[in-house]
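Peer 1: All I have is the shape, not the residue letters:
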């Protein structure tokens, strides 16, 4: 987990996506053009939540999210996703 100088607002979270799979279970190497976008990541920053709805996730949680969830952002040269907590399916 990396330390980020970024504070999401309200019910948003900052997620560092997991690395895409490099090989299949049988050992076949997957080329860059065929790699799927990861749907798993680690939360590196969380907002304060809404007035009557506190956040259920915390920094360090490993989460699953939708394939097209969030917005890609680059902070300090690293790629992250910023998304609402409702885009997260669950904690792994």
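Peer 2: All right, it came through fine. Just so we're clear, the structure is a prediction, and the values are computed from it rather than from any experiment.
Peer 1: pretty sure residue 61 is touching residue 43, no?
Peer 2: Yes. In this structure, residue 61 is within contact of residue 43 by C-beta atoms under 8 Å, at 4.8 Å. For every residue, glycine as well, the C-beta is placed using N, CA and C.
Peer 1: Please identify which of the two sits among more neighbours.
Peer 2: residue 43 (22 against 17; other C-beta atoms under 10 Å).
Peer 1: Mind checking what helix or strand follows the host helix or strand of the more buried one in sequence?
Peer 2: If you go by DSSP states H and E, residue 43 is part of strand 40-46. Once strand 40-46 ends, the next helix or strand along the chain (criterion: DSSP H and E) is strand 62-65.
Peer 1: tell me which residues in that next one are buried?
Peer 2: By neighbour count on 16 or more other C-beta atoms under 10 Å, the buried set for strand 62-65 is 63, 65.
Peer 1: Residue 80: what secondary structure?
Peer 2: What DSSP: H, G, I helix; E, B strand; the rest coil gives for residue 80 is strand.
Peer 1: strand partners of the strand holding residue 43, parallel vs antiparallel please.
Peer 2: Strand pairing for strand 40-46, using DSSP bridges, gives strand 12-17 (antiparallel), strand 62-65 (antiparallel).
Peer 1: got a list of contacts for the longest one?
Peer 2: Read it as strand 12-17. Residues outside strand 12-17 that contact it (C-beta atoms under 8 Å, 6 or more residues apart in numbering) are 1-2, 4, 6, 8, 37-38, 40-47, 55, 57, 63, 65, 70, 73, 75, 78-85, 88.
Peer 1: Kindly supply the ChimeraX command isolating those of the residues you listed that are buried.
Peer 2: Of the contacts of strand 12-17, the buried ones go into a single ChimeraX selection, burial set by 16+ other C-beta under 10 Å:
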select :4,8,41,42,43,44,45,46,47,55,57,63,65,70,75,80,81,82,83,85,88
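Peer 1: That'll do, ta.
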